[in-house]
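Asker: Give me a model of this one.
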Amino acid sequence: MKPSLFFISALLIISCDKKSNSDDDNKIALKATAITYTESTADFPNPERGFYRYSETSVDNYDPLDAATLTGYRTGQSVSGTTYSVISTLVFRYFILDGYNGKALPAAFLNNITKDCATARTAGVKLIPRFTYTVTATAGSCSEEFICSPYGDAPKSIVLNHISQLKPVLQANADVIACVQLGFIGTWGENYYTDYFGDASSNGQGQLYDNNWTDRAAILSAMLGALPTDRMVQVRYPQIKQRYIYGVNAPATSAALTSAEAALGTDKARIGFHNDCFLASANDYGTYADYGNSSSAPKEATTAFRNYYNLDSKFVVVGGETCSDEYSPQNDCEPTGHAEKEFGDMHYSFLNADYNPEVNNDWKIGGCLDNIKRKLGYRLVLKDASFQLNDSLSVLIHLQNGGYAAPYNPRPVQLVLRNATSGQVYLLDFNTEVRKWLTGAITLQQSFALPAGISAGNYDLLLNLPDKYAALKVKPAFSVRLANENVWEANTGYNKLNYAITVK
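Answerer: Predicted coordinates:
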């Protein structure tokens, strides 16, 4: 026989109270008692967002990640050379392939990457890998002076072979990879000072030609193919994405990703951005530059690229680092500068905690660092919820994303029914896409049939946003915590809705 359903009282604790909806509210909401929630201003760890910690290693002198160090990042650590501490769930990992710009990568190196991923999995953090052949700038009597060619990166054939070697490792460990940065090309893997892909600096040809764009596109295509379709690749300049998607003649005014195109697993939906010179100059040291092609010279395009970046970044992953304090006061806190506005306009999910300390320290002095800590990426807040039991369980939940960006990796959103006596758990999936939970209001509204065979009893209602991968979905460290008082269950990764139903 089908169970009959009845309301029981809301579980009132300090974080919520009850109020009746007005008639106007009932036109768009369930006719049921609403539970309201108290927002928290605390800074706490949440997956795939926030300030990241820096690490690097090389092939032949491998320095493995340490589980205790990574675990410590989650609890909050001071940052060397700065005046602040941060809570981190992300670790940037530089893999420096020095000495391997003409030969295959050794099996021991690939095994070491796998071990690093296992360490991250244990510690409750995710990695942002970037592979590069050199991080050394050799000064000399060249035009740029501080860095001269040869730079030391690798030709296209070697890069493609290395990506092929890395593909099985990246695929097998995608669960603890937040995203991957394109890397490989040029010093620091920043796609600029390069021996083989077109030197756009004054040391070289001063622009990029059609064959340079084509060769770069081949590397980006290989990197996208080396990852599951639910993981993104970040590129250093927006023009790299435009000319990969639309061809070597794509103008700076090319169309950005739309909501309808987002989260589909296509190449267009999987290319994000890392700006490694956040607010360093009017065009962020060439981030928003047009590098030309075989039929057009480089030209000023900052406004067009910034507009493109602003729109495209709504639905892809954005992160990076500060690199120079020369653009002060523009890169300072409001109202003198516009750092927070820039983070919001360009939808930043993460930033380097370690560099550049001159810029980041200014945010501490200016009083906006704590706000930046809370708002990098998503910050999801429960506002109110209503529940109604008839032939099905109807749920209406209002949330607010107070962060700069939507989550950039897919994850389930589940209503949890947990038996108050036995602890038996039933998970009901909402039909929603978290990668489209942009800054602002979010509504979850759905009716659920109760699970077949559910036993009689009292059931607490909770909200669960776990990782999508089986290895992580039962690990609370990888579940999303809502920014509310008295809702988070650290031992389960669930968020309490402070309401219960009775099944008879």
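Asker: what about the strands in the stretch 351-500 of the chain?
Answerer: In the stretch 351-500 of the chain, the strands defined using DSSP state E, counting those that start in this stretch lie at 380-389, 393-401, 414-419, 425-429, 440-448, 457-464, 488-489, 494-503.
Asker: Out of the ones you listed, which gets nearest to residue 229?
Answerer: strand 425-429 (20.1 Å; C-beta to C-beta). C-betas here are computed from N, CA, C, even on glycine.
Asker: Which positions within the closest one qualify as buried?
Answerer: Neighbour-count burial for strand 425-429, counted by 16 or more other C-beta atoms under 10 Å, picks out 425-426, 428.
Asker: What angle do strand 393-401 and it make with each other?
Answerer: For strand 425-429 against strand 393-401, the angle by axes from the mean of the first three to the mean of the last three C-alpha atoms, to 10 degrees is 70 degrees.
Asker: Now do strand 425-429: everything it contacts.
Answerer: 412-419, 448, 450-451, 454, 459, 464 (C-beta atoms under 8 Å, 6 or more residues apart in numbering).
Asker: Give the buried subset of those as a PyMOL selection command.
Answerer: Filtering the contacts of strand 425-429 down to the buried ones (16+ other C-beta under 10 Å) takes a single PyMOL command:
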select buried, resi 412+413+414+415+416+417+418+419+450+459+464
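Asker: still on that earlier bit, list just the nearest of the buried residues of strand 425-429 to residue 275.
Answerer: For those, the nearest to residue 275 is residue 428 (39.4 Å; C-beta to C-beta).
Asker: Pull the number of nearby residues for residue 404.
Answerer: With neighbours defined by other C-beta atoms under 10 Å, the count for residue 404 comes to 25.
Asker: got it, and residue 166?
Answerer: 22.
Asker: start the count at 31, not 1, going forward
Answerer: All right, first residue 31 from here; so that's residue 196.
Asker: Which stretches in the stretch 31-180 of the chain count as helices?
Answerer: Under the criterion DSSP state H, counting those that start in this stretch, helices of the stretch 31-180 of the chain are mapped to 53-56, 97-105, 137-153.
Asker: meant to ask about the stretch 231-380 of the chain, not that
Answerer: 240-255, 268-275, 297-300, 332-342, 369-375.
Asker: Dump the strands of the stretch 381-530 of the chain to CSV, plus mean pLDDT and distance to residue 378.
Answerer: Shown next, in CSV, are the strands of the stretch 381-530 of the chain (pLDDT from 0 to 100; distance: least, C-beta to C-beta, whole Å):
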stretch, mean pLDDT, distance to residue 378
strand 410-419, 96, 16
strand 423-431, 98, 14
strand 444-449, 98, 28
strand 455-459, 98, 29
strand 470-478, 98, 16
strand 487-494, 98, 25
strand 518-519, 98, 24
strand 524-533, 96, 24
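Asker: Tell me which of these sits nearest to residue 164.
Answerer: strand 423-431 (39.5 Å).
Asker: Serialize the strands of the stretch 381-530 of the chain to JSON lines and add fields for distance to residue 379.
Answerer: As requested, these are arranged in JSON lines below (distance: least, C-beta to C-beta, whole Å):
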{"stretch": "strand 410-419", "distance to residue 379": "13"}
{"stretch": "strand 423-431", "distance to residue 379": "12"}
{"stretch": "strand 444-449", "distance to residue 379": "23"}
{"stretch": "strand 455-459", "distance to residue 379": "24"}
{"stretch": "strand 470-478", "distance to residue 379": "16"}
{"stretch": "strand 487-494", "distance to residue 379": "21"}
{"stretch": "strand 518-519", "distance to residue 379": "21"}
{"stretch": "strand 524-533", "distance to residue 379": "20"}
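Asker: Those: which one's closest to residue 368?
Answerer: strand 470-478 (20.1 Å).
Asker: Tell me which other helices or strands that closest one touches.
Answerer: Counting contacts by 3 or more C-beta pairs under 8 Å, 6 or more residues apart in numbering; DSSP states H and E, strand 470-478 is packed against strand 423-431.
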